[in-house]
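>>> Got a sequence here, can you build the structure:
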Amino acid sequence: MVMVLKKFWQLPPGEKVLFWEALYRLLWARLAILIFPFRKIAPRLGEHMKETPKEEQPQYTRTLMQIAQALRRAGRYTPWESACLVQSIAGKMMLKRRKIPSTLYLGVTKEKKEKKKLKAHAWLRSGNIILTGQKGVNLSAFTVVSMFG
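Predicted coordinates for the structure are as follows:
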């Protein structure tokens, strides 16, 4: 724990601020998922079944990478579960605050071992950058069932 705190204090001030914002957004997203039905959360995520452009947005690249890193970093230290949906919603809110267009995807696939069992996944994309939900996951294996742009 001491090493974690030491590493945190060595971060540049901007990264510390993003870490705290990501932690707050992860908490908000987790509580929202636990308290409200998804149909109440969905309108805050953007326009249903609309996708933002997939072209590279060089003016946002640095900010997108910093937000993705802050979400990963904060997600490792939450005492609550910060899985793909929580991280995607938190990231969507962070981007929305900065007026950066993004699309949150919800997808499903059949598990390889148990063909009848479905596996759900969420990920967040802005331009050509996947911010959340890509680590260790083959996104092309998922069928997108819903998106919010």
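>>> can you give me the helices for the protein?
Assigned by DSSP state H, the helices in the chain fall at 2-9, 13-35, 38-41, 61-76, 84-97.
>>> What is the longest one packed up against?
Of the remaining helices and strands, those touching helix 13-35 by 3 or more Cβ pairs under 8 Å, 6 or more residues apart in numbering; DSSP states H and E are helix 61-76, helix 84-97. Where C-beta positions appear, they are placed from N, C-alpha and C, glycine not excepted.
>>> Flag the shaky bits of this structure, pLDDT-wise.
By pLDDT under 70, the low-scoring segments of the chain are 1-2, 4-5, 9, 114-115.
>>> what residue is smack in the middle of it?
To find the centre residue of the chain, average its C-alpha atoms and take the closest one (Cα atoms, centre = their mean): that gives residue 88, at 2.2 Å.
>>> quick one: it and residue 122 touch, right?
Yes: applying Cβ atoms under 8 Å, one finds residue 88 in contact with residue 122, separated by 4.3 Å.
>>> Need the overlap of contacts for these two.
Taking Cβ atoms under 8 Å, 6 or more residues apart in numbering as the contact definition, residue 88 and residue 122 share the neighbouring residues 104, 105, 132, 133.
>>> any idea which of those residues is the one closest to residue 113?
residue 133 (21.1 Å; Cβ to Cβ).
>>> Provide a list of residues in contact with the nearest residue to residue 25 once chain neighbours are set aside.
If the residues on either side of it in the chain are set aside, residue 25 comes closest to residue 90, at 3.7 Å by Cβ to Cβ, 6 or more residues apart in numbering. Residue 90 makes contact with 22, 25, 26, 28, 29, 71, 82, according to Cβ under 8 Å, 6+ apart.
>>> Alright, calling it a day.
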